[in-house]
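> Would you be able to build a 3D model of this:
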Amino acid sequence: MNSIESYEKDIELQPLFLKLFKPQKPLSQNHQKKHTFLEAVIL
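The predicted structure is shown next:
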């Protein structure tokens with residue numbers, strides 16, 4: 001598949017993606033603290 005066909009295919013699939021897309025909820029304050037702590041431990 002060349003780049004133009006790929007680009008056209010991508011454009012065709014965008015409406016389906018937008019229809020199925022659900023934005024994520026923001027993390028709660030507690031989850032944010034836990035996640036920050038875990039990142040600090042891993043690094």
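> the helices in the protein, which residues?
Taking DSSP state H as the test, the helices found in the chain are 3-20, 29-42.
> Can you add mean neighbour count and mean pLDDT and give those back as a markdown table?
(C-beta placed from N, C-alpha, C; glycine too.) Shown next, in a markdown table, are these (neighbours: other Cβ atoms under 10 Å; pLDDT from 0 to 100):
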| stretch | mean neighbour count | mean pLDDT |
| --- | --- | --- |
| helix 3-20 | 9 | 90 |
| helix 29-42 | 9 | 71 |
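> how close does residue 22 get to residue 13?
17 Å (Cβ to Cβ, to the nearest Å).
> and what of residue 24?
Counting by Cβ to Cβ - residue 24 and residue 13 are separated by 21 Å.
> Residue 34 and residue 23: what is the separation?
Separation of residue 34 from residue 23 (Cβ to Cβ) stands at 22 Å.
> And residue 2, by the same measure?
For residue 2, the distance to residue 23 - Cβ to Cβ - is 33 Å.
> repeat for residue 32
Distance from residue 32 to residue 23, by Cβ to Cβ: 17 Å.
> If anything else comes up later, I'll come back, but that's it for now.
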